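Student: when you get a sec, could you give me coordinates for this:
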Amino acid sequence: MDEDERIRSLHARAVAAFARRDFDVAEAELRALLAVRPGDRNARFNLGYVLEALGRTREAGEAYEPLAAAGDGPALARLGRLRSVQGRLDEAAAYLSRAAAAAPDDLGLTRDLGIVENLRGHFTDSVRLLESVAPHPAADAQTWSALADSLRALRRHDEAEAAVDEALRRDLGLLHARIVRGQLAYDRGDFERAWTAFVRAAELAPQDAEPELNLGVLAHGLGRLDEALEHLRRAVALAPDNPLAHFDLGMTLLLGGDFPAGFAECEWRLRDPHLRRDRLGELLPRWDGAARAGTVVVTREQGLGDFLLWSRLFPAARARGVRLAVECPAALAPLFAGFPGIDELLPPQAPREPRFAAAIPLCSLPLVLGLEAAAIPPPLPPAVDRARTAAFRARFAALGARRTIGIVWAGEPAHALDRFRSSGLDAFAALATVPDVAWVSLQKGSAAREALAPPAGLELLRLDEELHDFGDTAAAVAALDLVIAVDTSVAHLAGTLGVPVWLLHGFGNHWLWQLDRTDSPWYPSLRIFRQHQPNRWDGVFADVRAALERTDSVTVPNGT
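Tutor: The predicted structure is shown next:
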């Protein structure tokens, strides 16, 4: 038998073994073939396919890689799909993009790439790809479900509803579509329907963590602490390597006051590229809280409110025997020059330098420093420009009212829970006729435009064009009698400065404000007004109005 005949015989036996699902024999025949002819493309491709069937994905990838490197379209497609299953999404997208470019009419490749882009969080690209596939008669339920998920992420909720309905029409038992339906109900504030959808998803897939995770997050938002912990612990047990499950469990433990366990679980955010935001922290050794030579960098993450909150810990970190450099958001830099505990203020995303010995993400400081709920240090007020404060105070006095109150009605629109924490300016109409109050808008961003047409009777002094950074905002806040704000950075700023601040608490139960309290151990000058019903602001503003009418001065409640 010559070499060509032997190759044909080995290949035929491999194909026959694969057809009868005798994968071990198929592998042996293909390896024997490659020993004779190492460059045989079909044998290498089929070996990858057989190894996938055997569940040996690493070896399968090694079989496809030389072919993919040479631009082999089918190998690029197989390797892209394999990397997707392995969770290596960036590689999956790269391989599938090359395969799709080589076969632009292959709807299956376009679909798979669209689903990977959805998983990567590239929702605009995902929608573009999946919308090109969805109208085709062969489009399956998974295509429509991924499209619904991406449309939801882009806040195109009506289109997302239609897409998830189509997914469930094609496959009523598709778990992902059930979860997306629940999430869309959650977004609308229809929490009962959301709960029903997540429970149904859990019944369909009792060994899947995703329904338990969603039930836990919803129970947390509704203030049902024990239920939330039960569902989130089950999610972690089902998916012990899922960073989001651990992080959400951590947030709920913190809501219940268990700081050591809560902060430890929240460290899992650093394993999730969608949650981690401190680039420099990935390049340097992690600081463990011990004394060491060189400079420790506190890297920025999360929002401005988090920076203001945790700034109280900078002196304690430096007292551990380190030189402390802090990445500071540009908007806060005027307040933190010369702040206690900071040796050096860095711009965000500072470059790595040899003098930086280690790094720690800002929100990891409470864990490393062993912060306990019973020993929360007081806020440290940053330096405020006294001359600017005096100028604002004189300006407010000229308004002629007994009390001057600053208001903020919206947070950062990109925040995941902004639809629940922002009340909108119209909700302040309930306060318009409170007598002898001068109202001052501290609102910044796109929501500041609402002040151009405020509710009837609510006369506003707008400062948005004058507040260029938090140095300006702090000077204005320090000159006010009271700040009334939704849960955003200005509330933290007022609390840090010791200015009376009334926090309007929306749906979601952020752990910092705990459950049911009207005061805060974090900010002695802060008072909390809570919703009577989930996602309803009318009761909050009725309580605020009553409180304003009840007192001539601004008071801070006793602890509960």
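
Student: show me the helices in the stretch 351-500 of the chain, by range?
Tutor: 365-368, 386-397, 418-421, 470-478, 489-497 (DSSP state H, counting those that start in this stretch).

Student: can you map out the strands along the protein?
Tutor: Remark: strands assigned in the chain by DSSP state E are 295-299, 323-327, 344-346, 356-361, 403-408, 437-441, 460-462, 482-486, 501-505, 526-530.

Student: pretty sure Leu215 is touching His231, no?
Tutor: Yes - between Leu215 and His231 there is a contact at 4.2 Å, judged by CB atoms under 8 Å. Heads up, the C-betas are built off the backbone N, CA and C, glycines and all.

Student: the helices of the stretch 351-500 of the chain: which one's closest to Val199?
Tutor: When the helices of the stretch 351-500 of the chain are compared by CB to CB, helix 418-421 sits nearest Val199, at 21.4 Å.

Student: show me the contacts for Ala92.
Tutor: Ala92 makes contacts with 80-84, 116, as judged by CB atoms under 8 Å, 6 or more residues apart in numbering.

Student: now those as a markdown table including neighbour count?
Tutor: Below are the contacts of Ala92 laid out as a markdown table (neighbours: other CB atoms under 10 Å):
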| residue | neighbour count |
| --- | --- |
| Gly80 | 26 |
| Arg81 | 21 |
| Leu82 | 21 |
| Arg83 | 22 |
| Ser84 | 21 |
| Val116 | 27 |
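
Student: and those residues, which is closest to Gly411?
Tutor: Among the contacts of Ala92, Val116 lies closest to Gly411 (CB to CB), at 31.4 Å.

Student: which pLDDT value goes with the closest one?
Tutor: You'll see Val116 listed with a pLDDT of 96.

Student: also the one 5 residues further on?
Tutor: In the prediction, the pLDDT value recorded for Gly121 is 90.

Student: pull the number of nearby residues for it.
Tutor: Each residue near Gly121 was counted by other CB atoms under 10 Å, and the total is 13.

Student: excluding chain neighbours, what is closest to it?
Tutor: Leaving aside its sequence neighbours, Gly121 sits nearest to His274 (CB to CB, 6 or more residues apart in numbering; 5.8 Å).

Student: can you tell me how far that neighbour is from Leu283?
Tutor: His274 sits 19 Å away from Leu283, going by CB to CB, to the nearest Å.

Student: which of the two has more neighbours?
Tutor: Leu283 (13 against 10).

Student: so who does the closest residue to that one other than its chain neighbours touch?
Tutor: Spatial nearest neighbour of Leu283, chain neighbours left out: Arg352 (4.8 Å); criterion: CB to CB, 6+ apart. Contacts for Arg352 were tallied using CB under 8 Å, 6+ apart; they are 280, 283-284.

Student: give me the subset of those residues lying in helices.
Tutor: Under the assignment DSSP state H, those contribute nothing to helices.

Student: in TSV, list the residues you listed along with distance to Phe18 and pLDDT.
Tutor: Putting those into TSV (distance: CB to CB, whole Å; pLDDT from 0 to 100) gives the following:
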residue	distance to Phe18	pLDDT
Leu280	50	73
Leu283	46	83
Leu284	49	89
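
Student: okay if I get these as TSV plus distance to Pro104?
Tutor: What follows is these, written out as TSV (distance: CB to CB, whole Å):
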residue	distance to Pro104
Leu280	40
Leu283	39
Leu284	44
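
Student: just give the number of residues close to Ala35.
Tutor: Residues contacting Ala35 under the criterion other CB under 10 Å number 10.

Student: which stretches of the stretch 51-200 of the chain have low pLDDT?
Tutor: For the stretch 51-200 of the chain, no stretch has pLDDT under 70.

Student: residue contacts, His505?
Tutor: Counting by CB under 8 Å, 6+ apart, His505 touches 487, 513, 528-531, 540.

Student: my guess is Thr433 meets Gly457, correct?
Tutor: Yes - with contacts counted by CB under 8 Å, Thr433 reaches Gly457, the gap being 5.8 Å.

Student: can you redo the helices of the stretch 351-500 of the chain as CSV with mean neighbour count and distance to Leu548?
Tutor: What follows is the helices of the stretch 351-500 of the chain, written out as CSV (neighbours: other CB atoms under 10 Å; distance: least, CB to CB, whole Å):
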stretch, mean neighbour count, distance to Leu548
helix 365-368, 20, 35
helix 386-397, 15, 17
helix 418-421, 18, 21
helix 470-478, 24, 18
helix 489-497, 26, 16
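
Student: report pLDDT for the residue nearest to Leu283.
Tutor: The model's pLDDT for Arg352 equals 81.

Student: picking that back up, the contacts of His505: which two are farthest apart?
Tutor: Longest distance between any two of those is 13.2 Å, between Trp513 and Val540; criterion CB to CB.

Student: could I get the contacting residues of Leu89?
Tutor: Listed by CB under 8 Å, 6+ apart, the contact set of Leu89 reads 83, 116, 119-120.

Student: try 7 Å
Tutor: For Leu89, the contacting residues are 116, 119-120, by CB atoms under 7 Å, 6 or more residues apart in numbering.

Student: okay, and which of those map to helices?
Tutor: For those, the ones inside helices are 116, 119-120, with DSSP H as the criterion.

Student: and of the residues you listed, the nearest to Ala138?
Tutor: The shortest approach to Ala138 among those belongs to Val116, at 19.0 Å (CB to CB).

Student: where does pLDDT dip in this protein?
Tutor: Ranges of the chain meeting pLDDT under 70: 1, 275, 277, 551-560.

Student: run the last query once more with 80
Tutor: 1-4, 138, 273-282, 302, 349-350, 413-417, 551-560 (pLDDT under 80).

Student: can you name the residues in contact with the longest helix along it?
Tutor: Identified as the longest helix of the chain according to DSSP H is helix 3-19. Contact partners of helix 3-19, identified using CB under 7 Å, 6+ apart, comprise 25-26, 29-30, 32-33, 36-37, 40, 42-43, 46, 50.

Student: out of the residues you listed, which are buried?
Tutor: The neighbour count (16 or more other CB atoms under 10 Å) marks 25-26, 29-30, 33, 40, 43, 46, 50 as buried among the contacts of helix 3-19.

Student: ok, which pair from these is furthest apart?
Tutor: Farthest pair in the buried ones among the contacts of helix 3-19, by CB to CB: Val25 and Asp40, 18.0 Å.

Student: can you give me the first-to-last residue distance of stretch 394-414?
Tutor: Stretch 394-414 has an end-to-end distance of 36 Å (CA to CA, to the nearest Å).

Student: next: stretch 425-432.
Tutor: One end of stretch 425-432 to the other measures 11 Å (CA to CA).

Student: could I get the buried residue list for it?
Tutor: Buried residues in stretch 425-432, counting neighbours by 16+ other CB under 10 Å, are found at 425, 427-428, 430-431.

Student: circling back: dump the contacts of His505 to JSON lines, plus neighbour count and distance to Pro361.
Tutor: Below are the contacts of His505 laid out as JSON lines (neighbours: other CB atoms under 10 Å; distance: CB to CB, whole Å):
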{"residue": "Asp487", "neighbour count": "25", "distance to Pro361": "22"}
{"residue": "Trp513", "neighbour count": "20", "distance to Pro361": "22"}
{"residue": "Ile528", "neighbour count": "22", "distance to Pro361": "27"}
{"residue": "Phe529", "neighbour count": "18", "distance to Pro361": "32"}
{"residue": "Arg530", "neighbour count": "19", "distance to Pro361": "30"}
{"residue": "Gln531", "neighbour count": "19", "distance to Pro361": "31"}
{"residue": "Val540", "neighbour count": "22", "distance to Pro361": "33"}
